[in-house]
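Peer 1: got a sequence here, can you model it:
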Amino acid sequence: MAANYWVSTQRRHWLFERDQLAEIRRSLEEGENQKQLIQQFPLPDLRYFSIYINLQLVRLGKRMTTRQQALATAQVYIRRFYTKVEIRKTNPYLVLTTAFYLACKMEECPQHIRFVVSEAKGLWP
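Peer 2: Okay, the predicted model is just below:
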């Protein structure tokens, strides 16, 4: 973590304004291949998807009795990942499980990878 927020990488790379976020999301949906994906896999509003992902993350956290700080870190990881990658190109459950595992390691409440995967497998298809 940087001693000065104003020169940190978080501020330089992950602080967006509304119009910048809209442009990033619009650029993810452009292209001929993307139009086919959008027609094939329509998604509800992004807010609904975000709420669903956060609820699923909380379910996994309760099942594994994880601290709130690790869950919040996992939410940040998921949100940052999906600002750069189209949702339709990934498995959200796999992204959620990966973010959860990394957040647990970063927040020093480690869980074994086999335990995380087995609990996630019990929750989702």
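Peer 1: which ones are touching the residue nearest to the spatial centre of the chain?
Peer 2: Centroid-nearest residue in the chain: Ile78, 1.2 Å away (criterion: Cα atoms, centre = their mean). Each residue near Ile78 by Cβ atoms under 8 Å, 6 or more residues apart in numbering is listed here: Ile53, Leu57, Val95, Leu96, Ala99. In this view, the C-beta of every residue, glycine as well, is placed from N, C-alpha and C.
Peer 1: same deal with Phe81?
Peer 2: When contacts are counted by Cβ under 8 Å, 6+ apart, Phe81 is found next to Val95, Ala99.
Peer 1: His13: neighbouring residues, count only.
Peer 2: Other residues lying near His13 total 9 when counted by other Cβ atoms under 10 Å.
Peer 1: distance check, it against Arg25.
Peer 2: His13 sits at a distance of 17 Å from Arg25 (criterion: Cβ to Cβ, to the nearest Å).
Peer 1: make JSON lines from the contacts of Ile78 and add pLDDT to it.
Peer 2: What follows is the contacts of Ile78, written out as JSON lines (pLDDT from 0 to 100):
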{"residue": "Ile53", "pLDDT": "94"}
{"residue": "Leu57", "pLDDT": "96"}
{"residue": "Val95", "pLDDT": "96"}
{"residue": "Leu96", "pLDDT": "96"}
{"residue": "Ala99", "pLDDT": "97"}
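Peer 1: CA atoms of stretch 26-38 as CSV?
Peer 2: C-alpha atoms of stretch 26-38 as CSV (Å, rounded to 0.1, in the frame of the first residue of the first chain):
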residue,chain,number,x,y,z
ARG,A,26,-19.7,0.1,-23.9
SER,A,27,-16.3,-0.9,-25.3
LEU,A,28,-16.7,-4.4,-23.8
GLU,A,29,-20.0,-4.9,-25.7
GLU,A,30,-18.7,-3.7,-29.1
GLY,A,31,-17.7,-6.0,-31.9
GLU,A,32,-19.4,-8.6,-34.1
ASN,A,33,-18.6,-11.5,-31.9
GLN,A,34,-19.9,-9.6,-28.8
LYS,A,35,-23.2,-8.9,-30.5
GLN,A,36,-23.7,-12.6,-31.1
LEU,A,37,-22.9,-13.3,-27.4
ILE,A,38,-25.3,-10.7,-26.2
